[in-house]
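*Asks:* Provided below for reference: sequence and predicted model.
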Amino acid sequence: MMNLDYLNEVQREAVKCTDGPMMILAGAGSGKTRTLVSKIEYLLKEKKIPSYNILAMTFSNRAAREMRERIQSLSEGMPLSQLLVTTFHSFCARLLRTEANYIGLSRNFSIYDDSEMISVIKNILNRRGISQKEIHPQEIKYYINLVKNKGYFKGCADYEVFAKIDDEIDKDDLFYEIYEEYERELHTSNAVDFGGLIVGVLELFAKHPKILERYQKRFKYLLVDEYQDTNRAQFLFVLLLSEVHKNICVVGDEDQSIYSWRGADINNILDFENYFPEYQYFKLEQNYRSSKNIIDAASHVINQNRMRKGKVMWTDNQGGEIIEVIECLDDTTEAKFITEKILELVDSGVPYSKIAIFYRNNSQSRVIEDSLRKFRIPYKIVGGIKFYDRKEIKDLLSYMKLITNDKDSLSLSRIINSPARGIGAVSLRKLETEAIKNQLSLYELIKDVVNQKDHYSHLKVSSKVFSALSEFVELIESVKLMEKNEDLPSHCYEKILEDSGYLGNLKSVKSYENMARIENLKELLSGIRQFEMACISNKEKPTLSLFLESITLDNSSASEEEEYTDPVVLMTVHSSKGLEYEYVIVSGLEENLFPSAMSLDEGEDRLEEERRLFYVAMTRAMKKLYLSFSKGRLLWGKVQFQDPSRFLFEIPEEYYTWKAFGGRKKNPKKILKKKTEDSYIDYGDEFSQVAPEEDFDSSSSTRYNASSQGADLLASGLAVRHSLYGEGVVVRTEGYGTNEKVTIKFKQGTTKKFLRKYTPLEVLE
DNA sequence: GTTGCGCAGATTTTT
DNA sequence: TCTGCGCAAC
């Protein structure tokens, strides 16, 4: 008999209740993952369900990974290779690849991310002569996503509804036309966007009931995590899959629903009983994570929301430390408060990695990073790393997408002229028009032009362009051959890099920027190698298209060099969901920032979502919570005066103390040391005095050993000499470690940005 | 066809 | 402040 003693009463009941529809409402920190993992273990061990019959779906890759690992560690010796714990998106991608031909795709289809979606839309607008000022591509994107998130597709039962009537999707005929054109465009490119992955499966199931039946039979037990984040399309998908066995278990928390802007539909929780009247219902309300003080404060905040099923969080934990609200003069001061607080905590023995800093939007991280860097506090940013957004990376990925899917004209047009081959916009446009005329994909046409030059004499392709085209085709064909012969993705990659001239081009101009690019391309290579290794250990064949899929669907796994063992963690509140830290600092608690200005314009529902977001932030903290805000903030070049967030006043006074940091006395409650006050006035100096020379290594082994970088600490205002450009002054620094970038203003008047590790700089006294 | 400059507009949140 | 776009010059 499996040991369930480590579960509480409700958890245990939820685990044992395996058959029929059920919903677990799990409050923050109530052991949700633990329950889910035990339930799967229970199914496997007690009910002897083959892992092949279980499907567990999560929303994020991180959650899927975590759950998989935990199940693996619990089930030694159990055959788990068939157990599916994945995200909606990767599951649907896999399913679509297997069944692709049923819906007119081939299995090597490309997956378009958001920016590619925008590119397609821009192309369409251009073609129609619509300026981007008249209709913002973003607006179209939003509309298309709305349609897909609701699970509508052409030919679906509610097709008419989606086209004209659905009152949320209230757009005119032009939008609808563009939507249709967009769908055609993707289809001819053999590509699918994020939303299309889910909707594609719905369409497949609707049109081929036999296939649906096959999957229904296989997945006898369905588990859905983060149920509050599912959109309508995902809900319909789950509904279909579970129709036969009805063994569906959803786990969620309506108070942590923070993705409505991406289509998450809170009604999926509120309406569950309409679809499954006989459903069982469990509430996990005991919180194991946070101190009583934090729980009570957070409960008071979330209680202001009307759209709830209603849970009452409680805990056996101690009262714990009081919450601190910190009023700061401006954003720089706030960053300084954060820095000092971290140093203070670390001095008292807290490891860096037990401390997290949250903010409402990504742009807020910069100021904080700058300050942390000045004190050499190791930090890591979760999410927000845009490795795959870099130009050179996108270019090489486009090459590879074209190799796996030669109908992908978007990728082709991206790289046809990079490196510059003398095929500019004019030639491209000419080829595109011809391709459309001949019903060919762009690549097919180009290949045709190269092979049968005479047929295309009317195009008047210059000999220069022609030879560029044939060289290009030759390259693509040879790599396609490699891919076909199952050569490793990394070999294909290297071939492209060399033979396209991309690398040579970067090497030919010796600039620091190019060196950084080359470095990134190397990093991509090691990413590919890593992927290959992972495949091999999973006994899976490493193919290019699998690699491409893994990075479009999960960009968190990539390029996460674990540079420091023990860093402070920075992230947006959104990405903090599901995580916990002993010490949490939520920054920027100001009106129009958190809650965001946009949500304030859009009515009560959006405000409630912001409040849930704040609730999520608060409930990440285990021991102590700091809530900071600035009275002034530098926003696009100007200082804006900010009011403290309304959410602060929703916390009953007994749960917090209000302190001020920096600036003149204003709030009577504040307890301000004289020293801090002074430090604000000439803080630039104080930073450079205190920061660099302290011996960080002697006190604690967990601290980042700064000297290992072998570089001087650079701070704004420092005079330096650059071997090429001469003397200058550091204007600012960003990034950290090997990614540290430094902007220098030179005496001759130019300002340049360098990647630190390539830049020989001499610090002048 | 390519490069470089100047201006306008932008900030939620992400699979 | 930063980015992306359009336009003009080479």
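*Replies:* Everything's here; your move.

*Asks:* Tell me where the stretch 301-450 of chain A has strands.
*Replies:* Taking DSSP state E, counting those that start in this stretch as the criterion, the stretch 301-450 of chain A carries its strands at A:323-330, A:355-359, A:379-381.

*Asks:* helices and strands around the longest one, which ones?
*Replies:* I take that to be strand A:323-330. Strand A:323-330 is packed against helix A:292-302, helix A:331-347, strand A:621-635, strand A:656-661, with contacts defined by 3 or more CB pairs under 8 Å, 6 or more residues apart in numbering; DSSP states H and E. Heads up, the C-betas are built off the backbone N, CA and C, glycines and all.

*Asks:* Indicate which one of these is closest to residue A:50.
*Replies:* Comparison of these against residue A:50 by CB to CB identifies strand A:621-635 as nearest, at 38.2 Å.

*Asks:* And the closest one, what's buried?
*Replies:* The neighbour-count check on strand A:621-635 (16 or more other CB atoms under 10 Å) flags A:621-633 as buried.

*Asks:* Please name the residues that touch the closest residue to residue A:401 other than its chain neighbours.
*Replies:* Closest residue to residue A:401 apart from its sequence neighbours, by CB to CB, 6 or more residues apart in numbering: residue A:411 at 4.2 Å. Shown in contact with residue A:411 (CB atoms under 8 Å, 6 or more residues apart in numbering): A:110, A:397, A:398, A:399, A:401, A:402, A:405.

*Asks:* before we move on, the earlier item: would TSV of the helices and strands packed on strand A:323-330 with mean pLDDT and distance to DNA strand C be doable?
*Replies:* As requested, those are arranged in TSV below (pLDDT from 0 to 100; distance: least, CB to the nearest atom of the strand, whole Å):
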stretch	mean pLDDT	distance to DNA strand C
helix A:292-302	94	33
helix A:331-347	92	12
strand A:621-635	91	7
strand A:656-661	88	24
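
*Asks:* and residue A:60, what does it touch?
*Replies:* Applying CB under 8 Å, 6+ apart, the residues contacting residue A:60 are A:87, A:226, A:578.

*Asks:* For it, what are phi and psi?
*Replies:* Note on residue A:60: backbone dihedrals following degrees, to the nearest 10 are phi -110, psi 150.

*Asks:* for residue A:594, same thing?
*Replies:* Residue A:594 adopts backbone torsions of phi -150, psi 90, taken as degrees, to the nearest 10.

*Asks:* Excluding chain neighbours, what is closest to it?
*Replies:* residue A:360 (4.1 Å).

*Asks:* quick revisit: could I get the contacts of residue A:411 as CSV with neighbour count and pLDDT?
*Replies:* As requested, the contacts of residue A:411 are arranged in CSV below (neighbours: other CB atoms under 10 Å; pLDDT from 0 to 100):
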residue, neighbour count, pLDDT
A:110, 27, 91
A:397, 20, 90
A:398, 21, 91
A:399, 24, 93
A:401, 28, 92
A:402, 26, 93
A:405, 26, 93
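
*Asks:* which outside residues touch stretch A:439-458?
*Replies:* A:188-189, A:402, A:406-409, A:412-413, A:431-432, A:434-435, A:438, A:459, A:461, A:466, A:469-470, A:472-473, A:476-477.

*Asks:* So for it, what gets flagged as buried?
*Replies:* A:440, A:441, A:442, A:443, A:445, A:446, A:447, A:448, A:449, A:450, A:456.

*Asks:* where does chain A come near DNA strand C, residue by residue?
*Replies:* Residues of chain A found near DNA strand C (CB under 7 Å from any atom of the strand) are A:122, A:131, A:132, A:636, A:637.

*Asks:* Please tabulate these in a markdown table and include distance to residue A:202, secondary structure and neighbour count as additional columns.
*Replies:* Shown next, in a markdown table, are the residues of chain A next to DNA strand C (distance: CB to CB, whole Å; DSSP: H, G, I helix; E, B strand; the rest coil; neighbours: other CB atoms under 10 Å):
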| residue | distance to residue A:202 | secondary structure | neighbour count |
| --- | --- | --- | --- |
| A:122 | 28 | helix | 14 |
| A:131 | 35 | coil | 8 |
| A:132 | 31 | coil | 12 |
| A:636 | 42 | coil | 6 |
| A:637 | 46 | coil | 5 |
